[in-house]
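>>> Predicted model and sequence follow; I will ask about them next.
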Amino acid sequence: MYSLDWLYRRFDEALDRDCIIWREQRYSYAWLREHLAAWRSRLAAANILSGTVVAVAGDYSPEVIALLLALIEGGCIIVPLTASSAPQREELEFGAEVQVAISFSEGDRFEIVHLDGGVENPLTCKLIAAGDPGLVIFTSGSTGKSKAALHNFARLLEKFQARRKPQITLAMLLLDHIGGINTLFYALSNAGTIVAVDNRDPEKVCSLIARYRVEVLPTSPTFLNLLLLSEAWRRHDLSSLRRVTYGTEVMPARTLQRLRRILPNVDLFQLYGLSELGILRTRTPNPDSLWLKVGGEGIETKVQQGTLWIRTPSAMLGYLNATSPFDEDGWFDTGDAVETDGDYLRILGRKSDLINVGGEKVFPVEVENMLLDMPNVRDVTVSGMPNPITGQVVAARFNLFEPEELPEFRRRMREFCASRLAPYKIPAKVEIVNAAQYGEGFKKMRRGNQAAAMQTSGAKKSDGNSD
């Protein structure tokens, strides 16, 4: 058994406080304690013992939270899954060597199913032998097959033992994301309140912030840009907000500046984390800056050939279905290209997203920041496309506010970019699309197949070359 006594003592000091608000119903910490005990009994009756690999398919809900705590203290290895993973569920369960699947449906009803097979992966076996609980987080798989990152859950929970002020937090990030796990345990460890949301539309999110006086909103730059565009912030009282944390992708400078104007009393805080490392502490020189320091106790950083490397005790044990990404000294190559200024660094983007145009490097976010200032541009995603002469060219997929013919739009775009971007950075491939360019976790799908995007969105395409 793994001890969560430090956490339960905090629950006991706040039994009457709301733990979670789910579907307009309030569930207290007293309720959580009672249902945690019920889940202990259910797990024992189902012969789910220490070391069992358990998939939990469900979103934030009261019963899911109680189950997660029971599994952690029981020394199980937890594999969170959500509705979006349904098409790949069998593959994901196979990769994590899941032995039991607990699935939640409407009304927080659940089903427990035992699966065939045992645990053979050496990393999992070693964790089981140590008696510690585990967590498996799948990477996005944007460059191919999703990788299964195995964490020692006990290590991830260590940082939450430092006590902070209880706050009301809206749960935007899902539990199959390391940021969603971080949100959950930050709230629980301080006996705070989680406001669960089943519709992540900006209008709905703003209405919940106003209704329940939400103080903390953890989210992504893509969602914040959608929030600005929707102007939902004009129609709801967001005065309770004290902090907006953002991560998972590079924040456009334009979005940050606009947020500062409409939310002048809110602390806009940049986080840094990866599925493989967890969420790490950061510090910025001022609230309007995209520069940051990544650090904290036991965390080391270095920059090699423009790429950020990190060594931290909270790092995963390794991939269950891929070779180890750590070097012999335990350093992890984040794959993030950065520039430095003394102790501070600025994330330029994923190195795998870098576009190489005849030897010239182009970072998609730089081009996107410029194109977002164009009139009638609602959103834009920049990526590289193969070219037989230059190796790659810059491609851009646009969402517009109002319909516009592609030839005229492309002419306007070229004129707009002429004095703002070097010629090789100006998009040579242009599409106007109707479909959203982000996934369920509100992260931009930069490397999505453009032909597929055109087929599903009715895109118009231009194949002309830029100068």
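Received, thanks.

>>> pretty sure residue 255 is in contact with residue 225, am I right?
Yes. With contacts counted by CB atoms under 8 Å, residue 255 reaches residue 225, the gap being 4.9 Å. In this view, the C-beta of every residue, glycine as well, is placed from N, C-alpha and C.

>>> between those two, who's got more neighbours?
Per other CB atoms under 10 Å, whichever of residue 255 and residue 225 has more neighbours is residue 225, with 23 against 20.

>>> what's the domain layout of the chain?
Taking automatic domain parsing as the criterion, the chain consists of the domains 5-158, 354-462.

>>> from the middle of its chain, how far away would the first one be?
Put plainly, it is domain 5-158. In terms of CA atoms, centre = their mean, to the nearest Å, the centre of domain 5-158 is found 18 Å from the chain centre.

>>> Shouldn't residue 166 be within a helix?
No. Assessed by DSSP: H, G, I helix; E, B strand; the rest coil, residue 166 does not belong to a helix; its assignment is coil.

>>> so who does it touch?
Counting by CB atoms under 8 Å, 6 or more residues apart in numbering, residue 166 touches 14, 17, 190-193.

>>> Of the residues you listed, select the buried ones using a ChimeraX command.
Applying 16 or more other CB atoms under 10 Å to the contacts of residue 166 leaves a buried subset, and the ChimeraX line that selects it is:
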select :14,190,191,192,193
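
>>> Which members of the contacts of residue 166 are positioned in strands?
Judged by DSSP state E, these include residue 193 as members of strands.

>>> Relative to residue 417, which of the contacts of residue 166 is nearest.
Distance to residue 417 across those (CB to CB) is lowest for residue 192, with 45.9 Å.

>>> Just give the closest residue to the closest one, not the sequence neighbours.
Using CB to CB, 6 or more residues apart in numbering and skipping the chain neighbours, the partner closest in space to residue 192 is residue 166 (4.1 Å).

>>> do residue 412 as well
Residue 412 sits nearest to residue 374 (CB to CB, 6+ apart), 7.3 Å away.

>>> I'd like the mean pLDDT over the strand or helix carrying residue 65, please.
Using DSSP states H and E, residue 65 maps to helix 62-73. Averaging pLDDT along helix 62-73 yields 97.

>>> which strands and helices sit next to it?
If contacts are counted by 3 or more CB pairs under 8 Å, 6 or more residues apart in numbering; DSSP states H and E, helix 62-73 sits against strand 18-22, helix 29-45, strand 53-57, strand 77-81, strand 100-104, helix 178-189.

>>> pLDDT on the first one, on average?
For strand 18-22, mean pLDDT rounds to 97.

>>> you'd agree residue 332 is up against residue 325?
Yes. If you go by CB under 8 Å, residue 332 and residue 325 touch, sitting 6.0 Å apart.

>>> which neighbours do these two share?
Common neighbours of residue 332 and residue 325 (criterion: CB under 8 Å, 6+ apart): residue 276.

>>> lowest-pLDDT helix or strand in this structure?
Taking mean pLDDT, DSSP states H and E as the measure, the helix or strand of the chain with the lowest value is helix 450-457, at a mean of 35.

>>> Helices of the stretch 351-467 of the chain, start to end?
364-371, 406-418, 450-457 (DSSP state H, counting those that start in this stretch).

>>> ignore the last one, the stretch 201-350 of the chain
Along the stretch 201-350 of the chain, the stretches classed as helices by DSSP H, counting those that start in this stretch are 202-212, 221-230, 232-235, 253-262.

>>> quick one, which of those is nearest to residue 134?
Residue 134 lies closest to helix 221-230 among the helices of the stretch 201-350 of the chain, at 29.5 Å (CB to CB).

>>> how big is the angle separating that closest one from helix 364-371?
Between the axis of helix 221-230 and that of helix 364-371 there is an angle of 10 degrees, by axes from the mean of the first three to the mean of the last three CA atoms, to 10 degrees.

>>> what about dumping the CA coordinates of helix 221-230 to CSV?
This file holds the C-alpha atoms of helix 221-230, laid out as CSV (Å, rounded to 0.1, in the frame of the first residue of the first chain):
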residue,chain,number,x,y,z
PRO,A,221,-2.6,29.2,-26.1
THR,A,222,-5.0,27.8,-28.8
PHE,A,223,-8.0,27.9,-26.5
LEU,A,224,-7.0,31.4,-25.3
ASN,A,225,-6.9,32.6,-28.9
LEU,A,226,-10.4,31.1,-29.4
LEU,A,227,-11.6,32.8,-26.3
LEU,A,228,-10.4,36.2,-27.6
LEU,A,229,-12.0,35.6,-31.0
SER,A,230,-15.3,34.5,-29.6
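
>>> Tell me which other helices or strands it touches.
In terms of contacts (3+ CB pairs under 8 Å, 6+ apart), helix 221-230 is packed against helix 202-212, strand 243-246, helix 253-262, strand 377-387.

>>> how does it look with 10 Å?
On a contact count with 3 or more CB pairs under 10 Å, 6 or more residues apart in numbering; DSSP states H and E, helix 221-230 meets helix 202-212, strand 216-219, strand 243-246, helix 253-262, strand 377-387.

>>> Ranking the helices and strands packed on helix 62-73 by mean neighbour count, which comes first?
Counting by mean count of other CB atoms under 10 Å, strand 77-81 has the highest mean neighbour count of the helices and strands packed on helix 62-73, with a mean of 26.

>>> That one pairs with which strands, and in what direction?
Using DSSP bridges, strand 77-81 pairs in its sheet with strand 53-57 (parallel), strand 134-138 (parallel).

>>> Which of those strands sits closest to residue 385?
Nearest to residue 385, of all these, is strand 134-138, at 27.4 Å by CB to CB.

>>> now that closest one: mean pLDDT?
Per-residue scores along strand 134-138 average to 96.

>>> which residues are contacting stretch 342-349?
With contacts defined as CB atoms under 10 Å, 6 or more residues apart in numbering, stretch 342-349 is touched by 247, 249-251, 270, 272, 283-285, 289-295, 301, 303, 306-308, 334-340, 354-355, 361-366, 368, 382, 446.
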